[in-house]
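Novice: Okay, predicted coordinates and the sequence, questions at the end:
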Amino acid sequence: MKLLTLNFLTCAIKTCKTSPASFPLHPRDCELEVVESESVNLPFLKNILPRLMWDELRVIADELGLPALPSTPPTRDDLVEPSSSSTTTISHAQNAGNAAEGQQQAEEKPSQTARDLHRVLLETCIKEGKLVCGNCGHEYKVMEGVANFLLPGHLV
Amino acid sequence: MSRPEDILPPDLFYNDTESRKYTTSSRIQRIQSEMTHRALSLLSLTTPSLILDIGCGSGLSGEILSQTPLEGTPGGPHTWIGMDISSSMLSVALEKEVEGDLMLADAGQGVPFRAGTFDAAISISAVQWLCNAESSEESPAGRLSRFFNGLYASLRRGGRAVCQFYPKNDEQKKMVSQAAIKAGFGAGLLEDDPGTKNAKTYLVLTVGGGELDGDITGVVGGMEGVDVMDTRRRGRGMKRGKEVKGSKAWIMRKKEQMERKGRVVKANSKYTGRKRRIQW
């Protein structure tokens, strides 16, 4: 399970819904795995960035023993590589006009920050372990990267 | 046609053999992919988004979500999180190494995500399973309302959800869409090939607050070959779910009620509940 998903999961038990402690779920005894993926999906990162709870992500990274994340979340501008693109934009724009310019925008280069963010959110996965609710202490097992959120009838 | 929903609960019905059959059948694959593309066109996403796949099964629809625009997925490649109740289905998905995250969860128990998580949600052939309750502790209505309430909360404002499902009858269709409306969605049903055996029902749900038009009529606005049938205005003046006292429906209900109590009730005929007009 990706850390991205963990940044959105809450406890499934109804009585926990109202409690702020039900988010985030705390990983315990976790076995991590890095799944390499070919490319950084920059538009997606930009899209998801405002929705991330950065402080909680830092807490989770800390609990998993990952290197500490910066204390402030990156901004959208941090994700784009600033250098060298401007010159190519101009030459491309001169060559092929407006159409190329639009394409150039779509092909913005991801910066190191974006690559790091991609690594943390989308490539780092929890393979085995448990997720524990901070409010009720219910444990959700994670096996082969699949979290079990089935609840026994009396907790629904 | 037999309905698997009537045979067993989903976690038991889709065991290892059934899951494999489901995933390898080229006919099912084709239908599922057609329906996923249709649902995607209803979602009309423009940027790579975070999508919830309810009843993702072996990831047949998920595979399409993680394709690029060149391969036919508008706005892709999307990142998706799938939930399903059948562990066998999920293990098939794991074998196929789908890109989305998988979760073993019962949609009828709610959607365990924090508010405003997803840009969109998709569900292909899954919601009809919620219309069955397997234990006396739960009811179909309760399961549906927990699901739609959870889904409504987990979508961001202006988000959309498309649920394709196979309703058993009109009653079930109504039950599902009423549950969605009760949860706060702007809801509408889109039917492809209505009246045929291949009828496919899509429940199109919108969460207010976006730049979009309120409900399904805004979603299908630009689409070809779609007839809009607005049934909302019907019976606006009347109280919902209550027939007029003295009407035929009321008389029939009362007669039934009395019959159940064991009273002697006259048999129904074509004259029952008719006005006795003077006719020359």
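Specialist: Perfect, I can see it now.
Novice: what about A:Ser71, which SS state?
Specialist: The three-state label given to A:Ser71 by DSSP: H, G, I helix; E, B strand; the rest coil is coil.
Novice: which residues sit in contact with it?
Specialist: Neighbouring residues of A:Ser71 by CB atoms under 8 Å, 6 or more residues apart in numbering or on different chains: A:Arg58. Placement of C-beta: from N, CA and C, glycine included.
Novice: Give me the pLDDT value at it.
Specialist: For A:Ser71, the model assigns a pLDDT of 88.
Novice: In three-state terms, how would A:Glu31 be classified?
Specialist: Here A:Glu31 is strand, with the state taken from three-state DSSP.
Novice: Number of residues surrounding it?
Specialist: When neighbours are counted by other CB atoms under 10 Å in any protein chain shown, A:Glu31 registers 11.
Novice: Return the set of residues that bridge with it.
Specialist: Using DSSP bridges, the beta-bridge partners of A:Glu31 come out as A:Glu128.
Novice: these two touch, right, it and A:Thr124?
Specialist: No - using CB atoms under 8 Å, A:Glu31 is not in contact with A:Thr124, being 11.8 Å away.
Novice: Now for the residue lying closest to A:Thr75 once chain neighbours are set aside: which residues touch it?
Specialist: Spatial nearest neighbour of A:Thr75, excluding adjacent residues (CB to CB, 6 or more residues apart in numbering or on different chains): A:Leu49 at 7.9 Å. Shown in contact with A:Leu49 (CB under 8 Å, 6+ apart): A:73-76, A:79.
Novice: so how far is chain B from A:Leu49?
Specialist: A:Leu49 sits 11 Å away from chain B, going by CB to the nearest CB, to the nearest Å.
Novice: tell me the SS of that residue?
Specialist: A:Leu49 ends up helix, using three-state DSSP.
Novice: Any buried residues in stretch A:145-153, and which?
Specialist: Within stretch A:145-153, the residues scored as buried using 16 or more other CB atoms under 10 Å in any protein chain shown are A:145-151.
Novice: need those in CSV with pLDDT, can you?
Specialist: Below are those laid out as CSV (pLDDT from 0 to 100):
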residue, pLDDT
A:Gly145, 90
A:Val146, 92
A:Ala147, 92
A:Asn148, 93
A:Phe149, 92
A:Leu150, 91
A:Leu151, 89
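Novice: ok, which of the residues you listed also contact chain B?
Specialist: Counting by CB under 8 Å from any CB of the partner chain, the subset of the buried residues of stretch A:145-153 that neighbours chain B consists of A:145-151.
Novice: which one of the residues you listed sits closest to B:Gly246?
Specialist: Of all those, B:Gly246 sits closest to A:Leu151, with 48.4 Å by CB to CB.
Novice: Please identify the helix or strand for that closest one.
Specialist: Under DSSP states H and E, no helix or strand contains A:Leu151.
Novice: what's the domain layout of chain B?
Specialist: Domains of chain B are assigned by automatic domain parsing as B:4-232, B:233-280.
Novice: And the helices in chain A, which stretches?
Specialist: A:3-6, A:42-48, A:54-63, A:85-96, A:98-106, A:112-118 (DSSP state H).
Novice: The shortest one vs chain B: in contact?
Specialist: Put plainly, it is helix A:3-6. Yes - applying CB under 8 Å from any CB, one finds that helix A:3-6 is in contact with chain B at A:4-5.
Novice: B:Phe185 versus the residue nearest to B:Ala39 when sequence neighbours are not counted, what's the distance?
Specialist: Among residues not flanking B:Ala39 along the chain, B:Val162 sits closest, at 4.1 Å (CB to CB, 6+ apart). Note on B:Val162: its distance to B:Phe185, by CB to CB, to the nearest Å, is 11 Å.
Novice: any common contacting residues for those two?
Specialist: Contact criterion CB under 8 Å, 6+ apart; residues shared by B:Val162 and B:Phe185: B:Leu205.
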